[in-house]
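> Turn this into a model:
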Amino acid sequence: MAGGLHADEARPVLGFESTVSRRFVHRRAVAEVFLTDCVASNTPDNFTLGAQWPRLHSYYRSHTGRYDTMLLVETLRQATIYLAHTRYRVPLGHPFVMHTLRVDTTAHTPTIGDRPAEVTIDAHVGDQIYRGNTLARFSVTYVCSIDGIEIGRGVGTASVFTPAAYAQLRWGGSGPRLIGTPVCPAPIAAEHVGQSRPEDVVLGGEHAPNRWTLRVDDTHPILFDHPSDHVPGMLVLEAFRQGARAALAQPCGDIETIEVTYHRFAENDANATVSVEAEPDSPCTVRISVEQWGQHIASGRVRLLPARIRQ
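Next up, the predicted model:
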C-alpha cells in the first residue's frame, strides 16, 4: 500500500451518500464533485477517501464500456486539493499549482454496470514543505479500488501559494494583465478523437503531421467549470488524450497511463501547439508536449490500451 498504509489495518467505513463541499475541491458545479468522504488512518499522513462515478458523465466517457481514466485523473486532482484544505489547513482562496501527475490503470478497471461506481482511494501525503505554518509544497500517492479490486494508482506533486505570492509568480511586478480572446480555432473532426460533439474537441486544425493548435474554449462547462487566468491543467491533459488518439488512429482508445510535467502557465489568448511523437518500441505509447512562444508548457507521455468492443 502507498506510503506505509498497511493492508491489515481495519478498512474504514466510507460514506457515499453525498459529495463533499464543492469549495474544497475548487469546483462550482456540484455535479462535477466526485469525492464523498475522507477518513484519517492511524498512520500519520495516510487517509482513505471515497468517490462516486456516474454511469454516464457528460464529458468523461469511454466507448468501450469501461469507466473513463480521465474520471480517475479528475478524482485524484480533487483529492489532492481536498486533503490540503481539510487535513493540512490550507486556507480557502490559496491557489494550487500542479507540477507533476501520473496515473496508471490496471486491467481490472470495471465495465459500467447498473449502478454508479463507489471508489475507495488510499492516499499518502509526503514531502511536505512549509512556509511558516502553512503547507507550501507536497506530494500525494494514491491506490484506488472498487469492490476491493485495485483499478489504478496515481502520484502527483503540487505547490500552494498565498494570493499575493501567486500574483507575484503569475504576473511578476507588473501586476495582472488584461487577458484577450482565447485562441479557439475550428476543431478537428470529433470522431478522430472519440468525441461526439465538435465543442468537446480541444485540438484545432493540424498544421503539420501530429501537430495541432490547442483549442481553448473558456465557455466549456467542464474544462472551464470556473474562470481561469490560464489554460487549466485538465484541459492540457485532455489535449494529451486527444493527441494520442489522433496520432495513433485509435479514436476509442482508453488510457492505460498518462503522465505530465507542467513547466509553466499556458496563456489562454496565445497560440499553443500540441505535438505528438510515437515511441518506436511501444506501438500504443506517445510522447506529447505543449509549447507556446517556443517554450515548453507541459510535457509527458500517454499509453493507450487497444480499443475493445463493448460486451
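
> Every contact and neighbour count from this point should use C-alpha atoms.
Noted.

> Helices of this protein, start to end?
Assigned by DSSP state H, the chain shows helices spanning 69-87, 163-171, 233-247.

> which one of those lies closest to Gly148?
helix 69-87 (16.2 Å; C-alpha to C-alpha).

> If you count neighbours, what's buried in the closest one?
69-85 (16 or more other C-alpha atoms under 10 Å).

> Which of the helices of the chain has the lowest mean pLDDT?
Of all those, mean pLDDT reaches its minimum on helix 163-171 (a mean of 92).

> and this structure, what are its domains?
16-168, 182-305 (automatic domain parsing).

> Dump those to JSON lines, plus distance to Ser174.
Below are those laid out as JSON lines (distance: least, C-alpha to C-alpha, whole Å):
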{"stretch": "domain 16-168", "distance to Ser174": "9"}
{"stretch": "domain 182-305", "distance to Ser174": "15"}
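
> right, and these - which one's nearest Pro176?
Closest to Pro176 of these is domain 16-168 (C-alpha to C-alpha; 7.4 Å).

> Give the residue spans of this structure that score low on pLDDT.
Applying pLDDT under 70 to the chain flags residues 1-10, 307-311.

> What pairs with the longest strand seen in it, parallel or antiparallel?
Identified as the longest strand of the chain according to DSSP state E is strand 117-131. Using DSSP bridges, the strands paired with strand 117-131 are strand 46-53 (antiparallel), strand 134-146 (antiparallel).

> okay if I get the ones you listed as a markdown table plus mean neighbour count and distance to Ala272?
Formatted as a markdown table, those follow (neighbours: other C-alpha atoms under 10 Å; distance: least, C-alpha to C-alpha, whole Å):
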| stretch | mean neighbour count | distance to Ala272 |
| --- | --- | --- |
| strand 46-53 | 23 | 32 |
| strand 134-146 | 20 | 28 |
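
> Out of the ones you listed, flag the one nearest Leu305.
Closest among the strands paired with strand 117-131, once you apply C-alpha to C-alpha, is strand 134-146, at 18.8 Å.

> residues in contact with the closest one?
Strand 134-146 has contacts (C-alpha atoms under 8 Å, 6 or more residues apart in numbering) with 1-3, 76, 80, 84, 88-90, 117-130, 150-161.

> Quick check: PyMOL command selecting the buried ones in those residues.
A single PyMOL command selects the buried members of the contacts of strand 134-146 (16+ other C-alpha under 10 Å):
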select buried, resi 2+3+76+80+84+90+117+118+119+120+121+122+123+124+125+126+150+151+152+153+154+155+156+157+158+159+160+161
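
> No further queries at this time; thank you.
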